[in-house]
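what follows is a predicted structure for the sequence shown.
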Amino acid sequence: QVQLVESGGGLVQAGGSLRLSCLSPRSILSSFVQYDMGWYRQAPGKYREFVAAITRNGNTNYADSVKDRFTISRNNGKKTVYLQMNSLKPEDTAVYYCNRGVIGQRAGDVWGQGTQVTVQG
């Protein structure tokens, strides 16, 4: 069963922007609002790394490499988490994954299928 569905990836020039979305189609609203959610990314040949997280109360947490460029948000009514990415750099190129059940920067057990982001320098 697909529990998280990411979208919004693509090819962009350095300095450009993208907005990723993560929909939780099978969650009922009362369940979705209880989860802290996060975004991670994995570049070729590298480990998956933390990018950003948002708690059920809307508190946010970012990796130093994306702070002041990326913004995580959530719309509980739409059961969706967003990642607004500005001032993109070639080193941001990776597959981006949504995650449910984040604790701090540690991932929970539920992952989406990932969406590719490619930044050309």
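Noted; the coordinates are in hand.

C-terminal to the helix or strand of the chain with the lowest mean pLDDT, what's the next element?
Of all helical and strand segments in the chain, the minimum by mean pLDDT, DSSP states H and E falls on helix 29-32, at a mean of 76. Following helix 29-32 in sequence order, the next helix or strand is strand 37-42 (DSSP states H and E).

relative to that next one, what are the paired strands and their orientations?
The strands beside strand 37-42 in its sheet (DSSP bridges) come out as strand 49-54 (antiparallel), strand 94-100 (antiparallel).

the first one: what's the following helix or strand?
By that I understand strand 49-54. Next in line after strand 49-54, if elements are assigned by DSSP H and E, sits strand 60-62.

whichever helix or strand comes after that following strand packs against which elements?
Next helix or strand after strand 60-62 toward the C-terminus (DSSP H and E): strand 70-75. If you count contacts as 3 or more CB pairs under 8 Å, 6 or more residues apart in numbering; DSSP states H and E, strand 70-75 packs onto strand 37-42, strand 49-54, strand 60-62, strand 80-85. No exception for glycine: its C-beta is placed from N, CA and C like everyone else's.

which residues sit against strand 70-75?
Strand 70-75 is contacted by residues 37-39, 51-54, 58, 60, 62, 80-86 when judged by CB atoms under 8 Å, 6 or more residues apart in numbering.
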